[in-house]
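here you go, sequence then predicted model.
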Amino acid sequence: MTTHLEKLQTALGTALGDRVTTVVALGEITLTVKAADYYSVMQTLRDDKSLGFDQLIDLCGVDYLSYGDGAWDGQRFAAVVHLLSVKNNWRVRVRAFCADDDMPLLPSLTPLWRAVNWYEREAFDMYGILFENHNDLRRILTDYGFIGHPFRKDFPVSGYVEMRYDPEQKRVIYQPVTIEPRENVPRVIREENYGK
């Protein structure tokens, strides 16, 4: 007897063929797709009657810069999408790596699922992933004058600029960060009879 997960895996293999790499772990299926095949695979997942992934639940960006303590040798940026088929009660995770680390770019999924609009804006704002043909790709969580993308692994904890209210100009101003980076080393107390 085939399980629910095996049925999904068979249906995905039939519909997508060699356009994806499939990993099954912890009762979940993750598909990895190249940037060039991303849009067509997502459209197949939505439109193929045997799959019917009609709901996009989530999209998030991922930065693999220091993944595996630096052992990762693949592309740096990826978008991870979670889809749901209500009719079949199936869930699948799709991971698409951006082809270029200097300018991470993927096609926008807004023509397929309108709900992805704000998720793609968040991935752009936090990671700098660009979504081609997105009709309103602008910052959503950070200020319009914000410099950089704060969820990138190489973004400094203190940021690049700080804002403060200037009472003389009577407005908020931006200036370079004045915080001196420091390294906190915990003090260790070693007494021979401590705790006895």
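Arrived safely.

look at residue 80 and report its pLDDT.
Residue 80 carries a pLDDT value of 97.

that one sits in which helix or strand?
Element membership of residue 80 [criterion: DSSP states H and E] is strand 77-85.

residues contacting that strand, please?
Contact partners of strand 77-85, identified using C-beta atoms under 8 Å, 6 or more residues apart in numbering, comprise 42, 45-46, 51-64, 90-98, 101, 104, 106, 109, 116, 123, 127-129. Heads up, the C-betas are built off the backbone N, CA and C, glycines and all.

now, which of those residues lie within helices?
Using DSSP state H, the members of these that fall within helices are 42, 45-46, 116, 123, 127.

can you redo those residues as CSV with pLDDT and neighbour count?
Converted to CSV, the ones in helices among the contacts of strand 77-85 look like this (pLDDT from 0 to 100; neighbours: other C-beta atoms under 10 Å):
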residue, pLDDT, neighbour count
42, 96, 24
45, 95, 25
46, 94, 18
116, 95, 22
123, 96, 28
127, 96, 24
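
tabulate those residues (a markdown table), appending distance to residue 7.
Output for those, formatted as a markdown table (distance: C-beta to C-beta, whole Å):
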| residue | distance to residue 7 |
| --- | --- |
| 42 | 21 |
| 45 | 15 |
| 46 | 18 |
| 116 | 26 |
| 123 | 31 |
| 127 | 34 |
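
closest one to residue 70 out of the residues you listed, please.
The shortest distance between residue 70 and any of those, using C-beta to C-beta, involves residue 127 and amounts to 19.1 Å.

quick one: pLDDT of the nearest residue to residue 99 once chain neighbours are set aside?
Closest residue to residue 99 in three dimensions, ignoring its sequence neighbours and counting by C-beta to C-beta, 6 or more residues apart in numbering: residue 35, at 4.6 Å. We have a pLDDT of 94 for residue 35.

if anything else comes up later, I'll come back, but that's it for now.
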